[in-house]
Structure formats: C-alpha cells, structure tokens
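based on what follows, work out the 3D shape:
(one chain, ligands or ions: 1)
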Amino acid sequence: MNLRKIEHLGIAVKDLEASKKLFAALLGTTCYKEEEVASEHVKTAFFGTGESKVELLQATSPQSPIGKFIEKKGEGIHHIAFDVADIDAEITRLKAEGFQFISETPKDGADNKRIVFLHPKSTNGILVELCQERK
Ligand code: ZN
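Below you'll find the model as predicted:
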C-alpha cells in the first residue's frame, strides 16, 4: 500500500470564520491550526478527526484555485489528500501508471507537508493530493 491513509479532506468554504464554528460544532473539537499559504492564495484551518484531518480552505484572492472552484461548483469537498512516505517515488510510480499531475514538482503546502496534486481528469474527477511530512 503506497497511499497509506487519508491524511485529510480539503473542503472549500466561503467564510472561514463561520465554517470554523460549524466544523467545531460538527466534529466536537476545536481548530488546532490556522495557516495562510500565500502561493496558493488560501487561508486554511485544520481539525483533527482521529487518524485523519479536515482542512477548510478559503480563497484570499480572486485568482485562487479555491475561489474558482467555489464559483463553478459551490462550497464542498475540494480534494482528498493521501499520506505517502516518499512523494518523489510516488510521482514516478504514478506517472508510469499513466496518471497525470497538475504539476510534477512537489511544493510546500500547509501543515508542514510537501504536496503534489494529480489532475482530476485522470482520477475520475477527484482532485487527489499526495502529501509527505516535511522533515
Ligand atoms: Zn490539502
């Protein structure tokens, strides 16, 4: 098993403050971390849910991919992130399997991760993120 667990679900929201309250009530826990990722034009808020996490994402500018997603599809599940031990090896493996990536070079994501996204057109319409803990 190369994709070891669902690390988090990314959920696109319009109003991070309101959604933080909603998810705190839903999950019965408080947000443990907030982080802005300037390169992605997003503000994020994380909640722990046992083995996995929920990542709320709010756009910080009109050119943000999250803003465009909400414009097209509305709020909701934006991506599924899987934990991997070696992101570079997984990119090589999945390319050989025929999967397409949005960018084949991992970048720094929120929550101390190196991340990369597979293109939804090669994964049944699901935006899949691979993430590896940064050391
Ligand atoms: Zn994510």
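
contacts and neighbour counts: CA atoms only from here.
OK.

figure out the helix or strand that K68 lives in.
helix 65-73 (DSSP states H and E).

tell me how far the helix or strand just after that helix lies from the chain's centre.
Using DSSP H and E, the helix or strand that directly follows helix 65-73 along the chain is strand 76-83. Between the centre of strand 76-83 and the centre of its chain there are 5 Å (Cα atoms, centre = their mean, to the nearest Å).

strand 76-83 pairs with which strands, parallel or anti?
Partner strands and pairing direction for strand 76-83 (DSSP bridges) are strand 5-12 (antiparallel), strand 128-133 (parallel).

just the buried residues of the shortest one, please?
Residues of strand 128-133 classed as buried under the neighbour-count rule (16 or more other Cα atoms under 10 Å) are 128-132.

any chance of the strands paired with strand 76-83 in TSV, with mean pLDDT too?
What follows is the strands paired with strand 76-83, written out as TSV (pLDDT from 0 to 100):
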stretch	mean pLDDT
strand 5-12	97
strand 128-133	97
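
which residue of this structure sits farthest from its center?
Ranked by distance from the centre of the chain (Cα atoms, centre = their mean), the top residue is A96, with 23.3 Å.

quick revisit: any idea which of the strands paired with strand 76-83 gets closest to A89?
strand 128-133 (11.1 Å; Cα to Cα).

other residues contacting that closest one?
3, 7, 79-87, 112-120 (Cα atoms under 8 Å, 6 or more residues apart in numbering).

could you redo the last one with a cut-off of 7 Å?
79-87, 112-118 (Cα atoms under 7 Å, 6 or more residues apart in numbering).

hey, C-alpha coordinates of it in CSV?
The C-alpha trace of strand 128-133 is given here as CSV (Å, rounded to 0.1, in the frame of the first residue of the first chain):
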residue,chain,number,x,y,z
VAL,A,128,-6.1,13.9,-5.3
GLU,A,129,-3.3,15.4,-3.2
LEU,A,130,-0.3,13.4,-2.1
CYS,A,131,1.4,14.7,0.9
GLN,A,132,4.6,13.8,2.7
GLU,A,133,5.6,15.2,6.1
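
strand partners (parallel or antiparallel) of the lowest-mean-pLDDT helix or strand in the chain?
Least confident helix or strand, the chain: strand 107-109 with a mean of 89, by mean pLDDT, DSSP states H and E. Paired neighbours of strand 107-109 in the sheet (DSSP bridges): strand 113-118 (antiparallel).
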